[in-house]
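1. Compute the structure for the input listed below.
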Amino acid sequence: MAYDAHDFAAFAACVTPDWVEHHFERESRLEDLPEMMAQGEVAFPDWRTELLLELAEDDLVAMLTLTTGTHAAPYRGLEPTGRIFRMYQINIFRIVAGRISESWVMVGDKGGPFQQLSEPAAS
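-> This is a model prediction of the structure:
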């Protein structure tokens, strides 16, 4: 996957110029990704996403994924913990002319990397 490889050009080739990704209380656009990818590449050098399930209907594609990574460098103000996060996601993509024009992301009940890594480690 282009995002896992931190390959902005490959990712940009898969989406429309006006692509928007809807998260909980924010949205991401193509111009936001280079910085996000760079931060992720440093903080989680072994970031990996596994596709668990994919469904398609009309112009929509839904994917269930599992992403993991080891926190090796500062991330959003959080010093490295050396801990591994596990993040289940449901992603829904709207496809227009063979490219992703819009996406929605739902993160599993344990939250994303920041939420998991900022909590005290289980004993």
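2. Which strands or helices does the lengthiest helix in the chain pack on?
-> The longest helix of the chain (DSSP state H) is helix 33-43. If you count contacts as 3 or more Cβ pairs under 8 Å, 6 or more residues apart in numbering; DSSP states H and E, helix 33-43 packs onto helix 8-14. Yep, even glycine has a C-beta here, placed from its N, CA and C like the rest.
3. ok, residues contacting the helix or strand just after the helix it packs on?
-> Of the helices and strands lying after helix 8-14 in sequence (DSSP states H and E), the nearest is strand 15-22. The contact list for strand 15-22 (Cβ atoms under 8 Å, 6 or more residues apart in numbering) reads 27-30, 96-97, 99-105.
4. Sort out for me which of those residues are in strands.
-> Among those, DSSP state E puts Glu27, Ser28, Arg29, Val96, Arg99, Ile100, Ser101, Glu102, Ser103, Trp104, Val105 in strands.
5. Report the beta-bridge partners for the second one.
-> Counting by DSSP bridges, Ser28 is bridged to Glu21.
6. Return the member of the ones in strands among the contacts of strand 15-22 nearest to Gln39.
-> Distance to Gln39, by Cβ to Cβ, is smallest for Ser28 among the ones in strands among the contacts of strand 15-22, at 12.8 Å.
7. Would you mind confirming that the closest one is in contact with Pro34?
-> No. The criterion here is Cβ atoms under 8 Å, and Ser28 misses it with Pro34 at 11.5 Å.
8. Now do the buried residues in stretch 97-106.
-> Within stretch 97-106, the residues that count as buried by 16 or more other Cβ atoms under 10 Å are Ile100, Ser101, Glu102, Ser103.
9. mind checking how far it is from the chain centre?
-> Computed by Cα atoms, centre = their mean, to the nearest Å, the chain-centroid distance of stretch 97-106 equals 13 Å.
10. Check stretch 75-85 too.
-> 16 Å.
11. what does it contact?
-> Stretch 75-85 is touched from outside by 39-40, 43-44, 67-74, 112-114, 116-118, 121, with contacts defined as Cβ under 8 Å, 6+ apart.
12. how about stretch 9-21: buried residues?
-> Across stretch 9-21, burial judged by 16+ other Cβ under 10 Å covers Phe11, Ala12, Val15, Thr16, Trp19, Val20, Glu21.
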